[in-house]
Structures are given as structure tokens and as C-alpha cells.
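*Asks:* what follows is a predicted structure for the sequence shown.
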Protein chains: 2
Amino acid sequence: MEQLHLNKKPKVVIIGAGFGGLWAARTLANQPVDVTVVDRNNYHTFLALLYQVAAAELDAEDIAYPVRSVFWKIPNIQFLLAHARRIDRQNRRIETDIATLDYDYLIVGTGSVTSTFDIPGVAGHAFFLKTLEEAVALKNHIICCFEEASRETDADKRKALLTFVIVGGGATGVEYSGALAELISGPLVKDYPTIDFSEVMIILLEAAEYLVAPMPENIRDYTVRQLSDMGVHVRLNKAVAEVTPEKAILKNGETILTHTVVWTAGVRGEDLPADSGIPVGHDGRVPLRASLQIMNDDHIYVIGDLAAIKEDQRVLPMVAQVAIQSGVKASQNVVRQIAGQAPEPFRYADRGSMIAIGRKAAGVAIGKRTFKGFIAWIMWLIIHLFNLIGFRNRIMVLTNWAWDYLLYERAVRYVFPSKTPAGSHVRSCADSTTKLK
Amino acid sequence: MEQLHLNKKPKVVIIGAGFGGLWAARTLANQPVDVTVVDRNNYHTFLALLYQVAAAELDAEDIAYPVRSVFWKIPNIQFLLAHARRIDRQNRRIETDIATLDYDYLIVGTGSVTSTFDIPGVAGHAFFLKTLEEAVALKNHIICCFEEASRETDADKRKALLTFVIVGGGATGVEYSGALAELISGPLVKDYPTIDFSEVMIILLEAAEYLVAPMPENIRDYTVRQLSDMGVHVRLNKAVAEVTPEKAILKNGETILTHTVVWTAGVRGEDLPADSGIPVGHDGRVPLRASLQIMNDDHIYVIGDLAAIKEDQRVLPMVAQVAIQSGVKASQNVVRQIAGQAPEPFRYADRGSMIAIGRKAAGVAIGKRTFKGFIAWIMWLIIHLFNLIGFRNRIMVLTNWAWDYLLYERAVRYVFPSKTPAGSHVRSCADSTTKLK
């Protein structure tokens, strides 16, 4: 049933408070629309630094920012803490777990989720690195492995506890491998004087023949070299066939005894569009018109990771810059539509890409130029600090980093209780029983 | 069966890594003993600031410090992350959830736990404020109450969501009432522009006729005045008869509709001694000899909150200074025993007491002198910072406080998932369903 909006401002609903959603909302500030931003968390997560939370380098709070603060001085934007379940396109309505919301224009930025490619055991036994809860659960697990290893007398069991397998040689897998190596060789060596650290092994598995494939060749090579120097065993052309609680089995039949498989090998579009009958590609992302509208509905825009934006024969990557730029453009197009103008096509301005391998080591590619090593790490640091929302977060993160950098101690390695994330098991530090002498 | 320790250093086990346990351990550094510190958490919690975590003023990590770091350079001290279940005095052995530990000397500093006095509903429906998990759960719940209230159209239900009852006018109850009032009148007013804040009510209930009874009268009066000025309804001589999920019922028959009862009205000694057949008082604390040894066992010392130390016709209060001083003395006495000397009696050096009511408002009593207001708050700040273990924690806490103080924003009010603490319910932010227009 079509609703009448006499004398009412058009309603814009934005689902997702990631980079795309927040920038879409900001673009609509003080425009003649009523905006509701819906997210299942009351905080924005700075996902680019999630791996540092999982490596006990940053606190969870350092990379989160309360969404309501973003809109303090913007009267036409409200926030709803809710989980959007379904888009009812016929009635232009969003069903959430706590309320139903009418919209005139909808901007969907629910992002991406981990894809297991239905490989047996991954959903049940691997750790993911896509949400703050998952990062905290992984950190807790790593510490618990060391706690258990410190009292485990059986050498094979101890080695399995001290073997950490990261699957996926993209940015997340590479960055986490490096950060984990530094966590272990730094504070954990001091925390566990009774552990023989030659028994510790970090293995990075990549199914293809390159790490960080989209980067220029010299940075790909530098990344492998740098990780190897840090003690990470980089193994290319190695695909995982199955994961169990105590081992990873490779496609070539090899078995690695481990309690820790970190799965960063795949992402796909989040489920909301597919669950709402909106056509999606094989990777769950939504094919769009150049205007960022979905194919057969002028009132729905998709932005960020969830958007399959084709440009120059490629689909744009799932990165913050695409999310920000598409969020801004979607809102601009909504404003144009309301003013009776035609939406404009989106055009991505590529600002380059970067990867941090460890302290003092990064790779940056801007256009045809590349930077490696310390200078690249400084660029990485500045750009990430700049992009953190909120002055306080920048201070806290910088303080944490400075502490980490100057004193080589990571002070946040507590095992706080955390909710069990779907698709991963949380190891209790008291899983096994041993007799101490 | 008595064990022989030929050519072996005596084994000292310290249970609990609170102030008492850590200072006991430090006192034994590089002494001719093998020390094992046992705690169920791998971090020390600075309990004096727990209420600030529950008021979204500090991050949980700010007041926690990894125990293993404390012992980095002390070869004769090791740490075991375990939950001590029972002391087997006959065999001089500790049973934990993961291992059994032999001891020659035992120092027990497992502290205090919340006491509900078996008042109906308190264990099941009230929030506690004794552990980091409980503080985080309470913070999440407060934010969720505001989230729900922001979309609740029934006035009575909304008022119940916005009524916060703190039970107990001791230091924790007073400090939390003040911090909660400031959280609400500061950032939450800005976060929830649609809420009518005249509907918000904070009620502090105290069964006796004074707040902070052990403080001098002028500070007690100042505390009531200050809290009232901040909008807290201080109600003296009001005892709670029952708590349900939706109300607090007082002994006088009055009913307060609320979803939030914070129970700070009672503490008692932790269960380990009682569970091990060691005689305890009605409040669970262990009666001791002047040497801090238990009555009929020369090999067991009790320190901190768990110790009922009688001095000058009073039992020493459960405060950090008593824990620290008793921890040091217990270890000194262990060293004396090993050297064949008699243990010495413990004597408490009272350094005064303090209470923080809010930003810029505190009360301090040192000997016969008292301080109130801003000067007292500065003293409180310096002493608390000084006592935080670890240089990093001090920087982070100071940064957080400075941020809070200068900009009147509390940036850590995220609803992160947390484990449900025993004895309290964690409100999901999606408990009720409403229809938004």
C-alpha cells in the first residue's frame, strides 16, 4: 500500500554505518530529507586495523567510534540500533529485528562477510577476522594457546598449540601474519620464559602463486621477503581442503597439526539483498547501474563492499575509498532525484593502495609509483590515523602505537570474556588438565 | 603424605593477583623460594576504578594489567592461569581447574565477592560491580536502556527504562551514582535528542542513615549535597526487600519501576577458604593471628579483603592499602619462617581514605584532616594514577580522563558483546519490538 507524504520530507534509510554509510549520511546532512541510519552495532568499526586488535596491539575501543556522536549536530539524521532483516521493495519498507521502517530512498551498505567456499570445517573450526568480536576472540585464543603450551609436557601437543596457520595471502592475511609474528617475538617471549620458542611456527597459506596479488610485483616480492625475515613460513600454491579442531588438511594431502586456523581467504557480499530477492552475483555482490542504483528499482542504491561496480573491465575492490566515494555519490544522486534531476554515473578516483607487513615495514602503490620499507610505513601510519574517525581515537591509537614502537611491549593482551562468534570456537584457557610439579 | 624437599627451595603459592597477591609476590622476588602466583584472570584489575568502566568513562583495558609482565625480570616467580578450587591442607596442595600444585607456604588473597544477603531476586536480576565483566555488562545495559527508551512510545515503560537504582551508599554506590549522572547529563543527552531527560531518574538507596559511613561527618554531608546537586535522588534508611526484572520493592512496601538495579550493598569473603574447611566468620572472612597466619596452620597466610584483621577493636576495611601492606607482611613472615625466625605481628599504617563523587568533586580524609571539592579531586586523581600498575595504563587513563574532562564527552560507550555474568541478566538492545513511523 503506497503511503502519501503530504508536506513531508522524503525518507532516506541508510543500512550500515561503515565508511560507505557514514559518508552517505554526512552528504545528506541538512538536505531536505529525513535520514535514518540503521546498524546492528552502535559503533563504527575501523576495519583496516582489525588485525591489530587480534594481535593484541590495539584495544577494541581504539578502532570503534560511537555512531550517534557522528550525528550530534545534524538534526535531520537519526540512528536506529537494529538488525535489518529484509527489504520489502513492494511496500518500500525495511523489516528489522525491532521495528519496521518506511523509506522513499534506500542506500544499502551492509558490506561483506567471510566466505568459506563451503570448505569442510572452516565455518565450525576456523577463526575469522571480519568483526570486532571475532578479532577479540582470536586474540584470546592465541594467548590461551600459549598459556596451555606453557604447561603442556607432551611435545607434539605443545607444537600443535604453538602452530598458527593463516589462510589467505591478501591484505588481511599478510598484515595479521606480520603482526602475530611481532606479538610472539616481542612480549610473548618475555611472558612465557618456560616455552621453547623454536617450537612456535606461523604458516601463511595462499592458494595462488602470489601474496597481495593486486599490488605491483616489487611490493609482492618485498612482502614475501619481509614476512620470511620475520619468521613467517610463506607457502604459495597451497589450498586448504578441510579444517578440524586439531588440524588443517591441504589439498595436496599434507596435514598440519594446529589448533589455530585463521581464515582470511574469502569474502562475499552480505546477505540482505539476496534475502530480499534482489539479484546478486556469485559472490553475493549486487550488480548496479553506473548511477549505483540497482537494476530494476530507482529507489535503491548499493554502496561499498556490497556493490559490484564495474569500471574499465574490472569490478572495484572492497576497500574503504570505494565505500566512501560510492556513499557520497549515492547520496548526491538521491538529492538529484528529489530535485527532479537524473542521477549521475559514479566514477572512482583511485588514491592507491597499501599494505603493512610489520613495524617499520609497509608497501604503498600510488599510480605508477611504489614505496617500500620505513617511508612506506610512515605513509601508512599517517593515512590510517587520518582516516580514524574522532580525535580521541587518533590520540589513543597513536599512544598505543608509540608505546608499542618505543618499548616493544604490547600491553593489551588480556583474555577478556567475549561472546562466541558464529563460526568459530573459543578456546577456554582451561581446556586441558595437567599435573604441575 | 609428607613430601621431602632435599636441596629444593621452598615452594610458595600465592592465590590471587590483586593488590595483596602482587605485593606479596614482589616481596618474594629473588628470595630463596620458588613462587607460583595463581589467578583465574591473566590480568590484574584496578578495582578502585571499576565504576568508571561501568559508566563508560574508561576502557576495560585501562584498568587491567597483564600479570605476566609484572614478573618479566623475576626468575623465581611463575604465573599459572587457573581457578583455585580447594586447599588440601593435609597434603599441602592446591586443586585448580587445570592442575594440582604443591606448596610449603600458602598466601591466600582471593578477595571479596558480592553478597546478596539472600534477598529475593538480587542474585538473578541485579547488576553487580565487582569484576571487569560485570562492569562491561552494566555499561552495555545502561546504553541499551537508552536505545530502547528512544523508541518506546509507552510513557510508563519509558520511565522504567530510564530509572536507575543503585543500592548501597558505600564508596562504590556513591562513586557509580555520580559517574552515571555525569554520563547521562553529558554525552547521553547529546546522543538521544528524542528523549525527554526529565524522565531520567537516578536513585541511590542506603539502608542506614549515612552515605560513606566510615568517612568524617563533614565529608558524609558534602557527599549527599554533591550527589543531590548532580540530580541523584539520595534516599537514606531505605532497604530493599526484593528485586524483579522490572522493579525494586523496598522494605516499606514502596515499589520502584526499573530495569536497572545495581547492587553494591554488600561484600563477603571469597569462597575458597570456606570450601576448604578453613573456619571463616559470618561474612566469609578468615580470622587470623596477628602474624596473618590462620589459626591452626602455620603454613597458610591470608591477606587483603579475605583477611579479617582485628586491630584496635575494629576489623580492618577492605581497601587496597590493607591488601598491599598485609601482602608484604605475609611474605616477610614466610621468609622469616624459612630462616627459622618467628613471624612478626602485622600493624596497619592508615594512609587515609577518599571518595570521588564526580568530576572536580571528591572527599579526602587523612588522619584528622579532611579535604573537599576540587583540591580533593586532584589528590584523588594523583593517588589513583600513581597506584595504577604500569606506565602505559597511566598514560591511557590520563588521556581518557583529560579527554573526558576537557571535552565532556565519553568516547567508550559501545555495546560490545560480553559474557553474561553469573547473577545478572544482560539486556539485549533488541528486547522489545516497536513500530517506527
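*Replies:* The structure has been received and is ready for your questions.
*Asks:* could you find the closest non-adjacent residue to whatever residue of the stretch 151-300 of chain A ends up closest to chain B?
*Replies:* For the stretch 151-300 of chain A, the residue closest to chain B is A:Asp191, as judged by CB to the nearest CB, at 4.0 Å. For every residue, glycine as well, the C-beta is placed using N, CA and C. In this structure, A:Asp191 finds its nearest non-sequential neighbour in B:Arg68, 4.0 Å apart by CB to CB, 6 or more residues apart in numbering or on different chains.
*Asks:* pull the residues that contact the helix or strand that neighbour falls within.
*Replies:* Here B:Arg68 sits within helix B:67-70, counting by DSSP states H and E. Residues from elsewhere that reach helix B:67-70 (CB atoms under 8 Å, 6 or more residues apart in numbering or on different chains): A:187, A:190-192, A:409, A:411, B:17, B:22, B:25-26, B:37, B:39, B:41-44, B:79, B:389-390.
*Asks:* in stretch A:250-267, which residues are buried?
*Replies:* Using 16 or more other CB atoms under 10 Å in any protein chain shown as the test for burial, stretch A:250-267 gives A:Leu250, A:Ile256, A:Thr258, A:His259, A:Thr260, A:Val261, A:Val262, A:Trp263, A:Thr264, A:Ala265, A:Gly266, A:Val267.
*Asks:* which of those are close to chain B?
*Replies:* With CB under 8 Å from any CB of the partner chain as the criterion, no member of these is in contact with chain B.
*Asks:* can you redo those residues as a markdown table with secondary structure, distance to A:Ala320 and pLDDT?
*Replies:* Output for the buried residues of stretch A:250-267, formatted as a markdown table (DSSP: H, G, I helix; E, B strand; the rest coil; distance: CB to CB, whole Å; pLDDT from 0 to 100):
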| residue | secondary structure | distance to A:Ala320 | pLDDT |
| --- | --- | --- | --- |
| A:Leu250 | strand | 33 | 98 |
| A:Ile256 | strand | 33 | 98 |
| A:Thr258 | coil | 32 | 98 |
| A:His259 | coil | 32 | 97 |
| A:Thr260 | strand | 28 | 97 |
| A:Val261 | strand | 27 | 98 |
| A:Val262 | strand | 22 | 98 |
| A:Trp263 | strand | 22 | 98 |
| A:Thr264 | coil | 17 | 97 |
| A:Ala265 | coil | 21 | 95 |
| A:Gly266 | coil | 19 | 92 |
| A:Val267 | strand | 14 | 95 |
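*Asks:* name the nearest of those relative to A:Val322.
*Replies:* Using CB to CB, A:Val267 is the member of the buried residues of stretch A:250-267 that sits closest to A:Val322, with 13.5 Å.
*Asks:* that closest one: what's it in contact with?
*Replies:* Contacts of A:Val267 (CB under 8 Å, 6+ apart): A:Ser112, A:Val113, A:Thr114, A:Ser115, A:Lys130, A:Asp305, A:Met318.
*Asks:* which of the residues you listed sits closest to chain B?
*Replies:* Of all the contacts of A:Val267, chain B sits closest to A:Lys130, with 14.6 Å by CB to the nearest CB.
*Asks:* tell me the buried residues within the contacts of helix B:67-70.
*Replies:* A:187, A:191-192, A:409, A:411, B:17, B:22, B:25-26, B:37, B:39, B:41-44, B:79, B:389-390.
*Asks:* in helices only, show me those.
*Replies:* Within those, residues falling in helices by DSSP state H are A:Asp191, B:Leu22, B:Ala25, B:Arg26.
*Asks:* tell me which other helices or strands the helix or strand of chain A with the lowest mean pLDDT touches.
*Replies:* Least confident helix or strand of chain A, by mean pLDDT, DSSP states H and E, is helix A:391-407 with a mean of 73. The helices and strands touching helix A:391-407, judged by 3 or more CB pairs under 8 Å, 6 or more residues apart in numbering or on different chains; DSSP states H and E, are helix A:373-387, helix B:391-407.
*Asks:* which residues in the stretch 201-350 of chain A form helices?
*Replies:* For the stretch 201-350 of chain A, the helices defined by DSSP state H, counting those that start in this stretch occupy A:217-229, A:272-275, A:320-338.
*Asks:* show me which residues of the stretch 51-200 of chain A are close to chain B?
*Replies:* So the stretch 51-200 of chain A meets chain B at A:59-61, A:64-66, A:68-69, A:72, A:75, A:78, A:80-83, A:97-102, A:132-133, A:136, A:143, A:147, A:151, A:187, A:190-194 (CB under 8 Å from any CB).
*Asks:* leaving out sequence neighbours, find the closest residue to A:Tyr176.
*Replies:* What sits nearest to A:Tyr176 in space, not counting adjacent residues and going by CB to CB, 6+ apart, is A:Tyr51, at 4.2 Å.
*Asks:* pLDDT weak spots in chain A?
*Replies:* Counting by pLDDT under 70, chain A shows low-confidence ranges at A:1-7, A:391, A:404-437.
*Asks:* domains in it, as residue ranges please.
*Replies:* A:11-114+A:268-338, A:122-265 (automatic domain parsing).
*Asks:* now those domains as CSV including distance to B:Lys8?
*Replies:* Shown next, in CSV, are those (distance: least, CB to CB, whole Å):
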stretch, distance to B:Lys8
domain A:11-114+A:268-338, 36
domain A:122-265, 17
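*Asks:* so which of those is nearest B:Val286?
*Replies:* Smallest distance to B:Val286 across those (CB to CB): 28.9 Å, for domain A:122-265.
*Asks:* then stretch A:157-174 to PDB, C-alphas only?
*Replies:* In PDB, the C-alpha atoms belonging to stretch A:157-174 read as follows (Å, rounded to 0.1, in the frame of the first residue of the first chain):
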ATOM      1  CA  LYS A 157      50.600 -31.400  21.600                       C
ATOM      2  CA  ARG A 158      52.700 -28.500  22.600                       C
ATOM      3  CA  LYS A 159      53.800 -27.900  19.000                       C
ATOM      4  CA  ALA A 160      50.200 -28.100  17.700                       C
ATOM      5  CA  LEU A 161      49.300 -25.400  20.300                       C
ATOM      6  CA  LEU A 162      52.200 -23.300  19.000                       C
ATOM      7  CA  THR A 163      51.400 -23.700  15.300                       C
ATOM      8  CA  PHE A 164      49.400 -20.800  13.800                       C
ATOM      9  CA  VAL A 165      48.000 -21.200  10.300                       C
ATOM     10  CA  ILE A 166      46.700 -18.100   8.400                       C
ATOM     11  CA  VAL A 167      44.900 -18.900   5.200                       C
ATOM     12  CA  GLY A 168      44.700 -16.300   2.500                       C
ATOM     13  CA  GLY A 169      47.600 -14.100   1.300                       C
ATOM     14  CA  GLY A 170      45.500 -10.900   0.800                       C
ATOM     15  CA  ALA A 171      46.000  -7.800   2.800                       C
ATOM     16  CA  THR A 172      44.300  -9.200   6.000                       C
ATOM     17  CA  GLY A 173      46.300 -12.500   6.000                       C
ATOM     18  CA  VAL A 174      49.600 -10.700   5.300                       C
END
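*Asks:* quick one: buried residues of that stretch?
*Replies:* A:157-174.
*Asks:* before we move on, the earlier item: could you pull up the residues touching the residue nearest to A:Tyr176?
*Replies:* A:Leu129, A:Ala135, A:Thr172, A:Glu175, A:Tyr176, A:Ala179.
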